[in-house]
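> Sequence and predicted structure below; questions after.
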Amino acid sequence: MTQPLDRVRRLVSDVFGAPLETVNEDSSPDTVANWDSLQQLNLVLALEQEFGLQLDPEEIEALTDVRSIVAIVAAKTQGD
Amino acid sequence: MELRAEIDARVAAGDPNLAPLLRQLWSSRPDLSTAAYLLKHRDHLPTVATCRVAVARTFTAEPLVGLLQAGGAVAGLELQVQLGGFNAYAPDLLDAESELYAFQPDVVFLAALTPDVAPELWSGFTDLQPEEVARVVERVSEHFATLIRGFRANSQAQLVVHALDAPCLASAGVLDAQDPHGQRAAIARVNRSLVEAAREHDGVHVLDYPSVVAGYGRERWYDPAKWASMGLPFSAGALERLTREWLRVLHPLCGRSCKVLVTDLDNTLWGGVIGEDGLEGIRLGSGHPGAAFLAVQRAILDLHRRGVVLAVCSRNNEADAMQALREHPHMLLRPDHFAATRIDWGDKAAHLESIAAELNVGLDALAFLDDDPFQRGWVRERLPAVTVIELPDDPCAYATALREAPVFERLGLSAEDAQRGRYYVQRRKSRELQASSSSLEDYYRSLDMHAEVSLVTPATHKRAVQLLQRTNQFNLTTRRYSDAELSALLEDPSAAVYLLATADRFGDNGIVGVAITRQGEALELDSFLLSCRVMGRTLETAFLHRIAERARRQGATRLVGRFVPSAKNAPAASFYPRHGFTQVHDDAGASVWELDLTTTPVDCPEWITLAPLEDSP
């Protein structure tokens, strides 16, 4: 099974159109060109589809970089 | 993920045939990330039609765009999408100068949600007195009617309007269902008047949004947290479902429709193998799995009633299979429902090609239904133009898969549509007769053909547009007039729109030809077409005879026409020379032809009985 980090990297790469190899744990709106508030919504939906979960507004605000996304996804999917 | 790795590897290796894998990827994961990935590779997906889609909306619809484009791309539709302003649907539609109209859309979706257009009906319902409910219903109904009228005044595009949904839980709880003037009843009244308002205009359609929501599950559809925080009312899954519904509407609007369903027999129309299990052994009827196959037949019969032509392609002994179709007590589909049959051990891809040739349609008009994944894969690979219906493993889900196929969706149904399936059966019988006639003229005489030419009327308008939009083969200029364009043409005193209706010994064919003339310096044949159903019977000569005769009577001396070659209209190439026209010159790929009406008569063939033309004022 692919690790959550790799799955999140792929989503970030797809949604923002950034080459996969340039996306790492530190990637954030400051380092990824198309990562703006509108595209953030696409990322949220893509995460929900990929991991089969629903994010609440507080969690959405906390999705500030790849590392925090992986942490939130891991916390939400714990016990799966 | 393995699929994406394989696609990436094939892209790296320069594989030119990625379309099947990309389609497979989309059907396994139709989500936002796949959409973005797919659109990066969209050059590998062949385009059949392009369409400019504008969306007037009350909510955040941005994530829909990629999903819609990806879903369109795998179906051969290249969609350019423009979103109107957030909750700016009214100015977008009512202001002729809006960006929505500047975009020059072919199709416009009006997606307004109940809480935005009728907040009292969504959450404040218990505040309303009964007479206030009636006023709100009237106000919202009139609002939609105004939007539709305004739209039609500003644009000739197609409009698709979302009907209004009702909340999961009514304001009055279970009491609402007891009240004929309750909340749900009020919303249903708005939706009824919306349908009425849409019917007053050509090219305005209603999308049954509440049923889409219900089918998915209303509780899963809405996401209040995302609505409050980001203006997106739906869950991610709801977006996928809504995209699919929009594509179901876009298919017929873009002409991405299949005319013919070619179906397998064993384990598709019935359970079991007729050659082994025999008439008593195959499963069809009540119980499991007979009911599942009966449901498939019911779905196919419904398509037939919608005008879809049916054909059989099955690996069987023909006598066994035909006996089952003829004699099985529960069979809904009988031999007379099928316009063509190929029942033997030959190659199915080759059979599909010969069915298309026999029915005079292109391969892109065929859809293929078969339970065997091998046959589906084979046809997909050999004949990429054919639409292959993907079936799940469980026969209980076959009927739904077939009903969901967007290539059979229609947004308007003329009397001819409803009869089309039968016409093709008549034609099969007439061909059988043709084979037994000694000469072609004998054959024509034996057909007992009757033809009538008339000017278009409001009652026949829809059929005329349909023929103008769909006819590919016997079509001299292939000018695709829309509903609104044809209406505009009728206002033009220099133009005339003629229709040809025919009947023969096999039955009434209805309206099968359209011609448009425009009076300029000479009389010009702007359009001239004949449905493929009646090609090769000299009916075009009778049609032209009537038009030329009327032109001569009105003082015209020359009839000018052009032949604009297309990928499919070779059957019409000899039309002008066969009728005494002389070629005058070439003009940007088209040849221009002229008939001297004073010296060259066009005679009606003696085997066609032509009714006199009734000049309408």
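Good, I have the coordinates.

> interface residues of chain B facing chain A?
B:1, B:31-34, B:36-37, B:40, B:60, B:62-63, B:66, B:223, B:225-226, B:228-230, B:232, B:235-237, B:239-240 (Cβ under 8 Å from any Cβ of the partner chain). C-beta coordinates here come from the backbone N, C-alpha and C atoms, glycine included.

> Filter those down to just the ones in helices.
Among the residues of chain B next to chain A, DSSP state H puts B:32-34, B:36-37, B:40, B:62-63, B:66, B:225-226, B:228-230, B:236-237, B:239-240 in helices.

> Give me the buried subset of those.
Neighbour-count burial (16 or more other Cβ atoms under 10 Å in any protein chain shown) applied to these gives B:32-34, B:36-37, B:62-63, B:66, B:225-226, B:229-230, B:236-237, B:239-240.

> From those residues, pick the one nearest residue B:100.
residue B:62 (15.7 Å; Cβ to Cβ).

> Contacts only, for that closest one.
Residues near residue B:62 by Cβ atoms under 8 Å, 6 or more residues apart in numbering or on different chains: A:38, A:41-42, B:83.

> Of these, keep whichever come out buried.
For those, buried by 16+ other Cβ under 10 Å: A:41-42, B:83.

> Could you confirm residue B:452 falls within a strand?
Yes: remark: residue B:452 belongs to a strand, assigned using DSSP: H, G, I helix; E, B strand; the rest coil.

> Is it in contact with residue B:498, as I believe?
No: checked against Cβ atoms under 8 Å, the pair residue B:452 and residue B:498 is beyond contact range at 10.6 Å.

> Report the contact partners of residue B:577.
B:583, B:593.

> where's it relative to residue B:571, distance?
14 Å (Cβ to Cβ, to the nearest Å).

> and if you look at residue B:164?
Taking Cβ to Cβ, one finds residue B:164 at 48 Å from residue B:571.

> Those two: which has the busier surroundings?
More crowded of residue B:164 and residue B:571, by other Cβ atoms under 10 Å in any protein chain shown: residue B:164, with 24 against 16.

> if we can go back for a sec, compare residue B:452 and residue B:498 (neighbour count), which wins?
residue B:498 (22 against 18).

> which sections of the stretch 351-500 of chain B are below the confidence cut-off?
B:414-416, B:418, B:421, B:433-439 (pLDDT under 70).

> What are the buried residues along the strand ranked longest in chain B?
The residue-count maximum for a strand in chain B (DSSP state E) belongs to strand B:507-519. For strand B:507-519, the neighbour count (16+ other Cβ under 10 Å) marks B:509-518 as buried.

> cool, stretch B:305-321 as well?
B:307-316, B:320-321.

> Could you do stretch B:443-456 as well?
Applying 16+ other Cβ under 10 Å to stretch B:443-456 flags B:443-444, B:446-447, B:449-456 as buried.

> from these, which is closest to chain A?
Comparing the buried residues of stretch B:443-456 against chain A with Cβ to the nearest Cβ picks out residue B:456 as the nearest, at 47.9 Å.

> Now that closest one. Nearest residue, chain neighbours left out?
residue B:497 (4.1 Å; Cβ to Cβ, 6 or more residues apart in numbering or on different chains).

> Surely that neighbour forms part of a strand?
Yes: the assignment for residue B:497 by three-state DSSP puts it in a strand.

> re the thing from before, ok, the buried residues of stretch B:305-321 vs chain A, which is closest?
Distances from chain A to the buried residues of stretch B:305-321, taken by Cβ to the nearest Cβ, are shortest for residue B:308, at 33.9 Å.

> and residue 45, what is it in contact with?
Answering for chain A, as no chain was given. B:32, B:63, B:232, B:236, B:239.

> was after chain B, sorry
Counted by Cβ under 8 Å, 6+ apart, residue B:45 has contacts B:19, B:22-23, B:38, B:73-74, B:76.

> those helices in chain A, which residues are they?
Under DSSP H, chain A gives helices at A:4-16, A:37-51, A:57-61, A:66-76.

> biggest separation within the contacts of residue B:45, which pair?
B:38 and B:76 (13.5 Å).

> Could you check which of these two has the larger neighbour count?
Taking other Cβ under 10 Å, residue B:38 and residue B:76 do not tie; residue B:38 has more neighbours (26 against 20).

> Might one say that the more buried one is in contact with residue B:25?
Yes: with contact defined as Cβ under 8 Å, residue B:38 reaches residue B:25; the gap is 6.9 Å.

> Among the buried residues of strand B:507-519, find the lowest-pLDDT one for me.
Across the buried residues of strand B:507-519, the bottom pLDDT score, 86, is held by residue B:509.

> How about that one, nearest residue that isn't a chain neighbour?
Closest to residue B:509 by Cβ to Cβ, 6+ apart is residue B:502, at 4.7 Å.

> and the one you found, how many neighbours does it have?
25.

> Let me know whether my guess that it is in a strand holds.
Yes: per three-state DSSP, residue B:502 lies within a strand segment.

> for it, what are its contacts?
With Cβ under 8 Å, 6+ apart, residue B:502 has these contacts: B:449-452, B:509, B:512-513, B:534, B:539.

> Recalculate using a threshold of 7 Å.
B:449-451, B:509, B:512, B:534, B:539 (Cβ atoms under 7 Å, 6 or more residues apart in numbering or on different chains).

> same check, this time on residue B:589
Residue B:589 touches residue B:565, counting by Cβ under 7 Å, 6+ apart.

> Where does the record place the domain boundaries for chain B?
B:21-253, B:260-408, B:443-611 (automatic domain parsing).

> pLDDT averaged over the first one - what is it?
Average pLDDT, domain B:21-253: 94.

> now swap in stretch A:62-80 and tell me
88.

> could you dump it to PDB, C-alpha only?
Only the C-alpha atoms of stretch A:62-80 are listed here, as PDB (Å, rounded to 0.1, in the frame of the first residue of the first chain):
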ATOM      1  CA  ALA A  62      -4.900  23.800   9.400                       C
ATOM      2  CA  LEU A  63      -3.900  22.400   6.000                       C
ATOM      3  CA  THR A  64      -1.000  24.700   5.600                       C
ATOM      4  CA  ASP A  65       1.700  22.400   4.200                       C
ATOM      5  CA  VAL A  66       2.100  18.800   3.100                       C
ATOM      6  CA  ARG A  67       3.400  17.800   6.600                       C
ATOM      7  CA  SER A  68       0.300  19.100   8.400                       C
ATOM      8  CA  ILE A  69      -2.000  17.500   5.800                       C
ATOM      9  CA  VAL A  70      -0.400  14.100   6.300                       C
ATOM     10  CA  ALA A  71      -0.700  14.600  10.100                       C
ATOM     11  CA  ILE A  72      -4.400  15.500   9.900                       C
ATOM     12  CA  VAL A  73      -5.200  12.700   7.500                       C
ATOM     13  CA  ALA A  74      -3.300  10.200   9.700                       C
ATOM     14  CA  ALA A  75      -5.300  11.400  12.800                       C
ATOM     15  CA  LYS A  76      -8.600  11.100  10.900                       C
ATOM     16  CA  THR A  77      -7.900   7.700   9.500                       C
ATOM     17  CA  GLN A  78      -6.500   6.200  12.700                       C
ATOM     18  CA  GLY A  79      -7.900   2.800  13.500                       C
ATOM     19  CA  ASP A  80      -8.700   2.100   9.800                       C
END
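
> Now it: buried residues?
Quick answer for stretch A:62-80 (16+ other Cβ under 10 Å): A:63, A:65-66, A:69-70, A:72-73, A:76.

> Identify the farthest-apart pair in these.
A:65 and A:76 (17.0 Å).

> contact partners of stretch B:367-376?
Residues contacting stretch B:367-376 (Cβ under 7 Å, 6+ apart): B:258, B:260-264, B:267-268, B:348, B:352, B:379, B:386-389, B:391, B:402, B:405, B:407.

> Low-confidence ranges, chain A, go.
For chain A, counting by pLDDT under 70, the residues that fall below are A:1, A:79-80.

> I figured residue B:597 was touching residue B:555, is that so?
No: taking Cβ atoms under 7 Å as the definition, residue B:597 is not a contact partner of residue B:555, at 9.6 Å.
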